Structures are given as C-alpha cells and as structure tokens.
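In: have a look at this fold, sequence not included:
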C-alpha cells in the first residue's frame, strides 16, 4: 500500500527560522552569493505534504511548475545522523529548502548549519 500526499501544503506565512536561515546562508555562500541579500525577505509559505519532514517552501507551488535544483548538501542532525539538503529555485529565486534522511533514520530533523557541506 503506498501513501499519497500533496507535494505542497500552504501554511500561514512566517519568517524563516534561525536554523533554516543559517543553512540557507551556508549554501548560498557557495552557489549564489547574490541571493544572500534575499534571505531576510523570504517568507515560508508552505511545507511538504508528508507532514513529517522539515521541508519548506518560499513560494506558492503547483505540482506541474518547474523548479531547478541548484544545490545538494548534507549535514548531521542532533542525533549525528546524515540529513540531505536540496536547494531549489523557481524564476531565479530560492523556492524550496528540501530535507531528507540520507540513511533512513527516524526521527530526524534539520541538520546543524556548522555540519553542512556539498554532497
């Protein structure tokens, strides 16, 4: 039996958290320093439909919209386990910060920014 859930679930808009900001800044330093100035303006407008992962969206989404993966990183969470981080963009701006468990461990969370490095 497979579970089906929506790709994007809208949430009440909020500012990016400190942990999310730190990870995004680390990644943008490497892949697109010009976007660093956008970070403080980003609003989180959605989450992954699975309801379990910490994936966030900065722009509203529809399933068929095209996004481009611009970075693949990994880091270690509080349990010292591997967590992948993908940065996506749409229309030239950060659109999604996707997180996933690399080794399948549960529960898992956002990696610590100081452990982030290219995958």
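Out: Everything's here; your move. All values reported here derive from a predicted model rather than from experimental measurement.

In: okay, CA-based contacts and neighbour counts for the rest of this
Out: OK.

In: can you pull up the most central residue in this protein?
Out: A centroid search over the chain (Cα atoms, centre = their mean) returns residue 97, at 1.6 Å, as the residue closest to the centre.

In: for that one, which non-adjacent residue is spatially closest?
Out: Spatial nearest neighbour of residue 97, chain neighbours left out: residue 87 (4.9 Å); criterion: Cα to Cα, 6 or more residues apart in numbering.

In: downstream of whatever helix or strand that neighbour lives in, the next helix or strand is which one?
Out: Taking DSSP states H and E as the criterion, residue 87 maps to strand 82-90. Using DSSP H and E, the helix or strand that follows strand 82-90 in sequence is strand 93-101.

In: returning to what we had before: what's the neighbour count on the residue nearest to residue 97?
Out: 21 (other Cα atoms under 10 Å).

In: show me what it bridges to in the sheet.
Out: residue 71, residue 97 (DSSP bridges).

In: can I assume it is in contact with residue 99?
Out: No: the criterion here is Cα atoms under 8 Å, and residue 87 misses it with residue 99 at 9.1 Å.

In: am I right that residue 111 is in a strand?
Out: No: according to DSSP: H, G, I helix; E, B strand; the rest coil, residue 111 belongs to no strand; its state is coil.

In: so how many other residues sit close to it?
Out: Neighbours of residue 111 (other Cα under 10 Å): 26.
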